[in-house]
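> 3D, please:
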Amino acid sequence: MGPIALAFGLAALAWVLVVGDLLHRHRPAWHWYLAGYPTTACRVVFTWRKIAMLNDLSVSRRPPRGLLGDLVVKGDPLRPVVPRLSFPRANRMGLTATVRLHAGQTPATYMKAADALVHAWKVHAVRVTSPERGLVLLTATASDPLARPGLASAPAALLSALIGVLESGGAWVMDLRLVPHWLIAGATRSGKSTLLARLITQLAPQPVALVGIDCKGGMELGLFADRLSTLTTCRREAVAVLAALVDDMQERMRACRTAGVRSIWELPDKLRPIPVVVIVDEIAELYLSDSRRESKTEAEQCSTLLLRLAQLGAALGMHLVVAGQRVGSDLGPGVTALRAQLGGRICHRVNDPGTAEMTLGDLNKDAVVVAQSITAEEQGVAVCTGPDGGWSRARSHLTTTEEAMATARKHAAMTPELPAIDRALAALEGGSQ
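Numbers count the residues shown, from 1 in each chain. From the prediction side, this is the model:
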């Protein structure tokens, strides 16, 4: 090879490396399809047999010979048979492959081998699911899609909020018409407050009433008071507000019964009451009580009223978004009963396994494990449930407090009045004087 050819080859190699780096940074999907997928697919195909044998994914086929215990009498060895793996299929975030199970195998064995697959295939994560009996679907994610998430697009709709992006690259949407009530758990600096700010920012331009219950003195939700129809900062006020909402719910029931419909969404526009979204920050403050009888009574009242709103409010335009750092059965049986009514679940990094179990455990055990693996550096990352009953890792869009406050002020004129709540708070203030 002459010096000219060598120089040309080096220049071509440098050009390929530069273009590859640009694609990787600015067009990661293109880079994956052109370079990442072919390399990873070959790695999957050529390592599958070894991985299956080392992780007990293969079965031993016994030849039709006489056996004495585990020894072959006539000298033929037992032959390991590796489950059949389909050729990996590329997608935007990674690849998928299907495995046909042998008789007696279960997906649990493959779930235990997921970490081994990650290291052997050199991918970010491998998720194991079973779309039908006898089959296992292995979904490999090439890199962490939530490390640099872009804000996906989603159609605007009433009571729908674009929160961020899912691990699949799709839009993370909280649709209160589809899933009426939500439970959000997260430790300090996990992203819970940012998610609530994003939710309020998305709902502020919509014709809905926002009711804030923040018994930490209003430190969190008080920042958005311009767009809240009311804000309660203590449990005594919360009891009055929740009781007024339950009374309003009874009025909505009567209106639906008179019109012969099953929900307010079937009423004519002129007769339809405005939807109400109740946002509770730090649910533990409503349930914990001290030795005083008055405190215990207030906690029981909050528990009962929240449960009634959750049980009956969906068809009547009453929605709950309940958030807390700690959500456990130690708060009382009322929390467990309320949890059962909150179909939407979001779990950020939490400080105790019990909160992750309470948030996701009744839906999917694997989701609990994934939620507990979220690190302190992954702010905004959470495990969320979908309307189809599945779950996914997701990351909320970074909405600063200043942005959320500015949006609340901008749409302050859209804040509807709730006369029933105003009367209840006025009566409470008058009775305390």
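> And the helix or strand hosting T336, what does it pack against?
Element membership for T336, per DSSP states H and E: helix 333-341. Where contact means 3 or more Cβ pairs under 8 Å, 6 or more residues apart in numbering; DSSP states H and E, helix 333-341 is packed against helix 293-312, helix 353-360. (C-beta placed from N, C-alpha, C; glycine too.)
> Each with direction, which strands does the following helix or strand past it pair with?
The first helix or strand that comes after helix 333-341 along the chain, using DSSP H and E, is strand 344-347. Strand 344-347 sits in its sheet next to strand 182-185 (parallel), strand 381-385 (antiparallel), going by DSSP bridges.
> thinking again about what came up before, how far away from the center of its chain is the helix holding T336?
Computed by Cα atoms, centre = their mean, to the nearest Å, the chain-centroid distance of helix 333-341 equals 19 Å.
> How about stretch 362-369?
Centroid separation for stretch 362-369 versus its chain: 12 Å, with Cα atoms, centre = their mean.
> ok, now stretch 206-215?
The chain centroid and the centroid of stretch 206-215 are separated by 22 Å under Cα atoms, centre = their mean.
> State the distance spanning the first to the last residue of it.
The first and last residues of stretch 206-215 sit 26 Å apart, counting by Cα to Cα, to the nearest Å.
> Show residues contacting that stretch.
The contact list for stretch 206-215, computed with Cβ atoms under 8 Å, 6 or more residues apart in numbering, reads 158-159, 200, 203-204, 218, 220-222, 224-225, 227-235, 238, 241-242, 245, 274-282, 285-286, 414-416, 418, 421.
> Buried ones only from those residues, please, as a ChimeraX command.
This is the ChimeraX syntax for the buried subset of the contacts of stretch 206-215, where burial follows 16 or more other Cβ atoms under 10 Å:
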select :159,200,203,204,218,220,221,224,225,227,228,229,230,231,232,233,235,238,241,242,245,275,276,277,278,279,280,281,282,285,286,415,418,421
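> follow-up on the earlier one: out of the helices and strands packed on helix 333-341, deepest packed?
helix 353-360 (a mean of 22; mean count of other Cβ atoms under 10 Å).
> what sits up against that one?
With Cβ under 8 Å, 6+ apart as the test, helix 353-360 has contacts from 183, 185, 325-330, 335-336, 339, 345-347, 350, 367-368, 371-372, 383, 385, 391.
> and the contacts of stretch 206-215, which of them are in helices?
Assigned to helices by DSSP state H, the following of the contacts of stretch 206-215 qualify: I200, L203, R235, A238, V241, L242, L245, E285, L286, I421.
> Turn the residues you listed into JSON lines, including pLDDT.
Conversion of the ones in helices among the contacts of stretch 206-215 to JSON lines gives the following (pLDDT from 0 to 100):
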{"residue": "I200", "pLDDT": "94"}
{"residue": "L203", "pLDDT": "96"}
{"residue": "R235", "pLDDT": "90"}
{"residue": "A238", "pLDDT": "93"}
{"residue": "V241", "pLDDT": "94"}
{"residue": "L242", "pLDDT": "95"}
{"residue": "L245", "pLDDT": "95"}
{"residue": "E285", "pLDDT": "88"}
{"residue": "L286", "pLDDT": "88"}
{"residue": "I421", "pLDDT": "90"}
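> Point out where the stretch 301-433 of the chain drops to low pLDDT.
Confidence mapping of the stretch 301-433 of the chain against pLDDT under 70 gives the ranges 431-433.
> one more time with 80, if that's ok
Applying pLDDT under 80 to the stretch 301-433 of the chain picks out residues 328-333, 387-389, 429-433.
> With the stretch 151-300 of the chain instead?
151-156, 168-169, 288-295.
> how about the strands in it?
Ranges of strands within the stretch 151-300 of the chain are 160-166, 171-175, 182-185, 209-214, 230-232, 276-281, based on DSSP state E, counting those that start in this stretch.
> Let me have those strands in TSV, extended by distance to T194.
As requested, the strands of the stretch 151-300 of the chain are exported to TSV (distance: least, Cβ to Cβ, whole Å):
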stretch	distance to T194
strand 160-166	10
strand 171-175	13
strand 182-185	11
strand 209-214	16
strand 230-232	19
strand 276-281	13
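> What about R326, how many residues nearby?
18 (other Cβ atoms under 10 Å).
> Now do the SS call for it.
Three-state assignment for R326 (DSSP: H, G, I helix; E, B strand; the rest coil): coil.
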